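**Q** below is the sequence, then the predicted model.
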There are 2 protein chains.
Amino acid sequence: MQENLLEIFYKNEGKYVSSEEITSTLDLNLEELKDEIEELEKEGYVFDFSTNLGYRLKESSPKLLPYEIKRGLETDYFGQEIHYYAEVDSTNNVAKKLAEQGAEEGSMVIAETQSRGRGRRGKKWLSPEGGIWITTILRPHISPADAPKLTLMTGVAVAKTLINEYGLDVGIKWPNDILLGEKKVCGILTEANAKFNLVDYIVVGIGIDANVDTDIFPSELHYRATSLKEELGEEVDRVKLVQNLSKIFEETYEQFKAGNFPDILNDWRKLSKTIGSYVEVRKRMGRIVRGEAVGITKNGTLILELDDKNLRKIVSGECIHLNE
Amino acid sequence: MQENLLEIFYKNEGKYVSSEEITSTLDLNLEELKDEIEELEKEGYVFDFSTNLGYRLKESSPKLLPYEIKRGLETDYFGQEIHYYAEVDSTNNVAKKLAEQGAEEGSMVIAETQSRGRGRRGKKWLSPEGGIWITTILRPHISPADAPKLTLMTGVAVAKTLINEYGLDVGIKWPNDILLGEKKVCGILTEANAKFNLVDYIVVGIGIDANVDTDIFPSELHYRATSLKEELGEEVDRVKLVQNLSKIFEETYEQFKAGNFPDILNDWRKLSKTIGSYVEVRKRMGRIVRGEAVGITKNGTLILELDDKNLRKIVSGECIHLNE
């Protein structure tokens, strides 16, 4: 009912629609219409009302409502099924459960906030309102050893989306943090589940600090994290961002499935801010490796040239760009 | 005198200028004017003549005449001194002699053909009419060990020029062959001369198969070399190309002198068609190394991941892109 009501307003973009027209179209009485409008207002929609003219939709909801996302979604299957929540513990956790229950490839879990958002290496990930916390379920026919490729692929898709949409100075920090300048604006957490040495499903969590107020960041994060709102000086249209991301993400995934990972990796190289930087990689057990990042292999392994000029492969770790 | 005469025609672009106006401006008699016109015609300029109207410049010379290049040259010092020859043994050889005699930084040697053009590793380099054979003298305050950086820098400048001018699919094959698609269109030969462990001068030879007819290539070259004319389906304006190259080359060199080589190297990485390719490198003594090119160090050393997954540094050699 609410979607039918919204359809009427979107069809009459910016114009008043008389209560009579609405009630007769939807077979409602005036009291029921008023209730429906109130429900929509609770979701964040804003209406003008005039006794003579009727209702006019003034502002859409700022929430990531599936109906709004699907209205302008130009994808075949990414985001065509959306599981939307005001709050979850972690969108990746919810997506894993849905995947176990057979959710289709491209299904998305979207939440306005996460109470226990996670980053790579088990780190806590702040997930306040205004951000975009979204997990996509993929079912590629690959071996688990190839799963890191999807991590790099996702970084490329997000970076391309942000460049495409806002023209910002977007870069990728190995393996897949998205930076604006040198500050992180998006993290990606890929988790794979395999059966008989074949991937059963992969959940790809993407967390974008879209309209997050950076004041809420702990002080130690201020110099290395930012939000789109902070960089652009205004709020972004999160619905439009999710629509564009879904489209570019699907295109990049199709490219991957068609065997064009080398092209995706070349895009990664072009977007990378790590290659060519002097970096410190923190590995497990407190071990630290420093060197010039000089390349990446086709499996996503970072290559450092150490100070003694020896080369070292880095399969995993937390990478920090040092300013020489 | 010829330059003053040309000035008059360029000032009256496309229009007839009466013989009286020309002779009085230049203080010539009619016979002398006719001789001067004939001289210009020998250089390749084409004129219309009408008894009533006088002379009109119909076409400029197709040669790389210094006067024509300097007319539209937007540089501070690159190409402001041009040594022009119909034929030399090698523009690098001539440039070295001029450098020894104290020629200033940015001086260029340009020839219509080279009788003994050389490529890297002492290879013969075909240098027929229609190509651009040009050597620039540089005097950077660097140690000879840093000279390879200028080789990479030059590749970036040429690639940017061709992209800028023609929007072609331009790439760089390590270390500095310029490719259109997968075919070579330009080679670069850098030769340094040092005194007391400091570079005295570097000559940077650039050979571009601009308007070269690819029919003259030996058959074994056809599948791996091309010309701008071949790719574009029409002749290019060589004068304009030299002007643009000089400008972008000077800008890139200034960037290098300002200490921004890391930025230039990042451009190189973005333009590279070698990184991400499976390659064969032929080294001296017939030794061959094969592997995936995964990166480049800040000194221009190529990094291969061999089939056994070990990393190998390649300082020099001839690189061939293998199609897997």
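**A** Yep, that arrived. Numbers count the residues shown, from 1 in each chain, chains lettered A, B, ... in the order given.
**Q** per-residue confidence at the closest residue to chain B within the stretch 101-250 of chain A?
**A** Closest residue of the stretch 101-250 of chain A to chain B, Cβ to the nearest Cβ: A:Gly171 (10.6 Å). C-beta: built from backbone N, CA, C; applies to glycine. Per-residue pLDDT puts A:Gly171 at 95.
**Q** find the nearest non-adjacent residue to it, please.
**A** A:Lys273 (3.5 Å; Cβ to Cβ, 6 or more residues apart in numbering or on different chains).
**Q** the one you found contacts A:Leu179, doesn't it?
**A** Yes: using Cβ atoms under 8 Å, A:Lys273 is in contact with A:Leu179, at 5.9 Å.
**Q** residues contacting A:Ser61?
**A** A:Leu40, A:Glu43, A:Gly44, A:Tyr45, A:Glu68 (Cβ atoms under 8 Å, 6 or more residues apart in numbering or on different chains).
**Q** go with 6 Å
**A** When contacts are counted by Cβ atoms under 6 Å, 6 or more residues apart in numbering or on different chains, A:Ser61 touches A:Glu43, A:Gly44, A:Tyr45.
**Q** any shared contact partners between A:Lys273 and A:Leu179?
**A** In contact with both A:Lys273 and A:Leu179: A:Gly171, A:Lys173, using Cβ under 6 Å, 6+ apart.
**Q** ok, these two, which is more surrounded?
**A** Each of A:Lys273 and A:Leu179 has its neighbours counted (other Cβ atoms under 10 Å in any protein chain shown); A:Leu179 has more, 23 against 20.
**Q** just the mean pLDDT for whichever strand or helix holds the more buried one, thanks.
**A** In this structure, A:Leu179 is located in strand A:177-180 according to DSSP states H and E. Averaged across strand A:177-180, the pLDDT comes to 95.
**Q** could you point out which element follows it?
**A** Following strand A:177-180 in sequence order, the next helix or strand is strand A:183-195 (DSSP H and E).
**Q** check contacts around whatever residue of chain A ends up closest to chain B.
**A** Relative to chain B, the nearest point of chain A is A:Gly295 (1.6 Å; Cβ to the nearest Cβ). Contacts here follow Cβ under 6 Å, 6+ apart; on that basis A:Gly295 touches A:Ile303, B:Val294, B:Gly295, B:Ile303.
**Q** which of these tops the neighbour count?
**A** Highest count within the contacts of A:Gly295 by other Cβ under 10 Å belongs to B:Gly295, 29 neighbours.
**Q** what's the burial count for the residue nearest to A:Arg116 when sequence neighbours are not counted?
**A** Leaving aside its chain neighbours, A:Arg116 sits nearest to A:Asp89 (4.4 Å; criterion: Cβ to Cβ, 6+ apart). Under the neighbour criterion other Cβ under 10 Å, A:Asp89 is assigned a count of 14.
**Q** the strands in the stretch 151-300 of chain A, which residues?
**A** A:170-173, A:177-180, A:183-195, A:198-208, A:278-282, A:288-296 (DSSP state E, counting those that start in this stretch).
**Q** between the longest one and strand A:198-208, how many degrees?
**A** Comparing the axes of strand A:183-195 and strand A:198-208 via axes from the mean of the first three to the mean of the last three Cα atoms, to 10 degrees yields an angle of 160 degrees.
**Q** what are the buried residues along strand A:183-195?
**A** By neighbour count on 16 or more other Cβ atoms under 10 Å in any protein chain shown, the buried set for strand A:183-195 is A:Lys183, A:Lys184, A:Val185, A:Cys186, A:Gly187, A:Ile188, A:Leu189, A:Thr190, A:Glu191, A:Ala192.
**Q** neighbouring contacts of it?
**A** A:92, A:119-120, A:144, A:147, A:150-151, A:154-155, A:158, A:176-178, A:199-209, A:224-226.
**Q** show the average pLDDT along it.
**A** Strand A:183-195 shows an average pLDDT of 93 in the prediction.
**Q** got the CA positions of that strand in PDB?
**A** Extracted C-alpha coordinates of strand A:183-195, given in PDB (Å, rounded to 0.1, in the frame of the first residue of the first chain):
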ATOM      1  CA  LYS A 183      42.300   9.000   4.900                       C
ATOM      2  CA  LYS A 184      40.100   5.900   5.000                       C
ATOM      3  CA  VAL A 185      36.500   6.300   4.000                       C
ATOM      4  CA  CYS A 186      35.500   2.700   3.300                       C
ATOM      5  CA  GLY A 187      36.500  -0.800   4.500                       C
ATOM      6  CA  ILE A 188      35.700  -4.100   2.900                       C
ATOM      7  CA  LEU A 189      35.400  -7.500   4.700                       C
ATOM      8  CA  THR A 190      35.200 -10.600   2.600                       C
ATOM      9  CA  GLU A 191      34.300 -13.900   4.300                       C
ATOM     10  CA  ALA A 192      34.200 -17.200   2.300                       C
ATOM     11  CA  ASN A 193      32.500 -20.500   3.000                       C
ATOM     12  CA  ALA A 194      33.700 -23.500   1.100                       C
ATOM     13  CA  LYS A 195      32.500 -27.100   0.600                       C
END
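**Q** I'd say A:Ile163 and A:Val170 touch.
**A** Yes: here A:Ile163 reaches A:Val170: they are 4.9 Å apart, a contact under Cβ atoms under 6 Å.
**Q** how about the residues of the stretch 201-324 of chain A near chain B?
**A** Contact residues, the stretch 201-324 of chain A versus chain B (Cβ under 6 Å from any Cβ of the partner chain): A:Pro262, A:Asn266, A:Lys270, A:Gly276, A:Val294, A:Gly295, A:Thr297, A:Ile303, A:Glu305, A:Leu311.
**Q** what number of residues lie near the last one?
**A** Okay, so that is A:Leu311. Neighbours of A:Leu311 (other Cβ under 10 Å): 21.
**Q** that one: what's it in contact with?
**A** Here A:Leu311 is in contact with A:Ile303, A:Glu305, B:Leu311 (Cβ under 6 Å, 6+ apart).
**Q** can you put those in CSV and add secondary structure and distance to A:Ile132?
**A** Below are those laid out as CSV (DSSP: H, G, I helix; E, B strand; the rest coil; distance: Cβ to Cβ, whole Å):
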residue, secondary structure, distance to A:Ile132
A:Ile303, strand, 32
A:Glu305, strand, 37
B:Leu311, strand, 38
